[in-house]
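S.K.: have a look at this prediction, sequence included:
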Amino acid sequence: MSTEDPQKKFLVAGHKGIYLFPNLVTTGVLFAGFYGIVAAIDGNFPRSAVALFIAMVLDGLDGRLARLTGTQSEFGKEFDSLSDLVAFGVAPAIIVYQWGLHRLAEYGWLWGKLGWLAAFLYAASAALRLARFNVMPETDDKRFFEGLPSPSAAALVTFTVWLGTVLGWSGGGALAFAAAMTVLGGALMVSHLHFYSFKEASPDRRISFTFLLAIPLTLVLIFLNPPVVLFMMATGYAISGPIVTFCIRRQRSTNHQGGEEGESRT
């Protein structure tokens, strides 16, 4: 007969449940990415885009849940990266290829090869971005990402497809634009540009009223016209990287010059 304390068994089981929950959310990311691929193969690209949007929302939750519950682990970190590779690396590449890049072959043998090559370069860039993120040392300043995060790159590609589907894009110019956005998303992921992370350096820092007001307003706009608003948001965030990087480097240059002037006066 077991003499183990029932209360201790309950606490252990509860801890396992808490540990499992963030990984279930990560599994949801993987499932949404996989379903996005299936929907794209079936030709339902709006459904693919919605699936990846759900994956992006879930991806923003799993890490936070792990930190809040104190259940961060190497397993969870690796599982998250593998799920992200499928949902934000492989899935967008297949979606954009199924939607239009395969039709570049209609314009010649070389264009057809460039179509699948653009999709592959995007997927490979996502893998490199995730691997780099895993091996980078943690810093106290978490305000910026180095390189476009893979969910944001997936948004750039997938919402281009969604917008193109809604607006009926079909010509060579539309296909070239989709290919350019695919290559751009991949290039930004492996770049050293800085993108604002929306993570405050201090947990005690207060959230501004403007930011709180912007959240429901953004949700309303997304509800009114999802493909247009989400495409604009994804594009705007991608464009912000070069601007933020320029401002950071300019500020560092100014501070460096100010320091040199101060030393010369002493």
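M.R.: Thanks, I have it.
S.K.: what helix or strand is residue 170 located in?
M.R.: Following DSSP states H and E, there is no helix or strand that holds residue 170.
S.K.: look up phi and psi at it.
M.R.: Residue 170 adopts backbone torsions of phi -150, psi -20, taken as degrees, to the nearest 10.
S.K.: now do the contacts for it.
M.R.: residue 100 (Cβ atoms under 8 Å, 6 or more residues apart in numbering). (Each C-beta comes from the backbone N, C-alpha and C, glycine too.)
S.K.: just the pLDDT for it.
M.R.: On pLDDT, residue 170 comes in at 87.
S.K.: any idea how far residue 106 is from it?
M.R.: Applying Cβ to Cβ, to the nearest Å, the value for residue 170 to residue 106 is 11 Å.
S.K.: same check on residue 131?
M.R.: For residue 131 relative to residue 106 (Cβ to Cβ), the value is 35 Å.
S.K.: same thing with residue 172?
M.R.: 8 Å.
S.K.: before we move on, what about residue 137?
M.R.: Between residue 137 and residue 106 the distance is 48 Å, computed by Cβ to Cβ.
S.K.: pick out the residue nearest the middle of this protein.
M.R.: The centre of the chain sits closest to residue 151, judged by Cα atoms, centre = their mean, with a distance of 1.3 Å.
S.K.: looking at it, that residue is touching residue 85, isn't it?
M.R.: No. Counting by Cβ atoms under 8 Å, residue 85 is not a contact partner of residue 151; they are 11.6 Å apart.
S.K.: which residues in this structure form helices?
M.R.: Assigned by DSSP state H, the chain shows helices spanning 6-41, 45-69, 74-84, 91-99, 109-135, 150-167, 172-189, 209-224, 226-265.
S.K.: give me the buried positions along the fifth one.
M.R.: Meaning helix 109-135. Across helix 109-135, burial judged by 16 or more other Cβ atoms under 10 Å covers 111-112, 114-115, 118-119, 121-123, 125-127, 129-130, 133.
S.K.: thanks again, I'm all set now.
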